[in-house]
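S.K.: Quick one: sequence plus predicted model below, questions after.
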Amino acid sequence: MRNFLKRIIVFFAPLILVFGIFIAIVLLCFDSKIDSSYSKISRKHPEGLIIGTSRAAQALEPSVFGDVYNFAFTQAYSPFDSSYFELIKRFHPISVNRNVLNKSDNFSVKQDLKLHLICVDAWSLSSFPGDKYERMNTSFVNETEPGWIDGYNFEYLFKHMPTKWSEVIENCISSNFVNPSGRFVVSFTFDQMQDNFNRSFPEKMIYNKKKEIYRFGSMSNIRLYFLKKTISYLKQDGKIVLVQLPVHRELAALEDKFAPNFDSLIKKVAQKEGIQFINLKSFHDSVHYTDGGHIWNGDALKISQMVKRRIN
């Protein structure tokens, strides 16, 4: 019996090893295409961060700002709540207490401040009856830890990944991907962008009008609280800039009707925290949109440069 088990082990061990190497190579080659989140949570991110929802995830190119990583996800996974805040802390641990170091006579090496861009809009700071994401996000955001091998996250793949495996295959052969800086690149040509806008924009407007007309939603004090918590946490090692990206003119009008005091609210937050607020909401016609709310990939560098030029 013992000899039989040895033969089994000797036979299957090379196969398991080869299979493991194959999986590692596949993940290494296609990590940016598995879904829009996997490569973002396959390692820790000590650099500056871009925080927000899918508007930021698709629009802001981190390489424009230097050593910055786009750690924005989607409205479902990264509105301002306790889960997203804890995810940021897990993947961007701040080990240096700058207040202590700055008071220390022995601290002679100046640590460069990182740049953190936090993108805000009315929807990411609002809530609706039955909104299960306001207090505790039940998705992968709530549980995912950094992978124990840098560049891989097997726990996410087999336990938390929201994308179906059948969709993973489609993703791997599509032209969309997460670039090395974390931005989700939706590779529409200009004609594809216009075609997608014509099909998607009416649906987006209907969905958001229902939110506004029936008064289902409201600004959330809980989400605002976690926005401030995020600012306080990232201020420990970085310069914070709040950013409001432009959206289609009609969608912006809906957001203004839904939250008419939003801009003044964010200005007060910025003033109290001593940080800058860059509001580009009025630049409706400066960029193109894939659906009214997401800036077309062809204008990502343009809008990123617009933000960069305005940073004090």
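M.R.: Received the coordinates, thanks.
S.K.: rest of the way, CA atoms for contacts and neighbours
M.R.: Noted.
S.K.: in this protein, which spans are strands?
M.R.: Per DSSP state E, the chain carries strands over the ranges 48-51, 68-70, 114-119, 126-127, 177-178, 184-185, 218-219, 238-244, 276-279.
S.K.: do you know which of those strands lies nearest Arg90?
M.R.: Nearest to Arg90 among these is strand 48-51 (13.1 Å), distances taken as C-alpha to C-alpha.
S.K.: Mind listing residues that contact the closest one?
M.R.: 56, 60, 62, 67-72, 114-119, 238 (C-alpha atoms under 8 Å, 6 or more residues apart in numbering).
S.K.: show me the contacts for the spatially closest residue to Asp150 that is not a sequence neighbour.
M.R.: Nearest residue to Asp150 in three dimensions, chain neighbours excluded: Arg43, at 5.3 Å (C-alpha to C-alpha, 6 or more residues apart in numbering). By C-alpha under 8 Å, 6+ apart, Arg43 lies in contact with Phe91, Pro146, Gly147, Asp150, Gly151, Tyr152, Asn153.
S.K.: Among these, find me the one that's closest to Ser264.
M.R.: Phe91 (31.3 Å).
S.K.: low pLDDT regions in this protein?
M.R.: 1-31, 96-112, 129-138, 211-217 (pLDDT under 70).
S.K.: quick one: the helices in it?
M.R.: Ranges of helices in the chain, per DSSP state H, are 2-30, 54-59, 82-91, 98-103, 154-155, 165-173, 190-213, 221-234, 249-258, 262-273, 300-310.
S.K.: Can you add mean neighbour count and distance to Thr290 and give these back as TSV?
M.R.: Formatted as TSV, the helices of the chain follow (neighbours: other C-alpha atoms under 10 Å; distance: least, C-alpha to C-alpha, whole Å):
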stretch	mean neighbour count	distance to Thr290
helix 2-30	12	25
helix 54-59	25	10
helix 82-91	20	26
helix 98-103	12	42
helix 154-155	16	32
helix 165-173	14	18
helix 190-213	14	5
helix 221-234	18	27
helix 249-258	17	13
helix 262-273	15	24
helix 300-310	16	12
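S.K.: Mind putting these into a markdown table with distance to Ala76?
M.R.: Shown next, in a markdown table, are the helices of the chain (distance: least, C-alpha to C-alpha, whole Å):
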| stretch | distance to Ala76 |
| --- | --- |
| helix 2-30 | 24 |
| helix 54-59 | 9 |
| helix 82-91 | 10 |
| helix 98-103 | 33 |
| helix 154-155 | 20 |
| helix 165-173 | 18 |
| helix 190-213 | 15 |
| helix 221-234 | 13 |
| helix 249-258 | 18 |
| helix 262-273 | 21 |
| helix 300-310 | 22 |
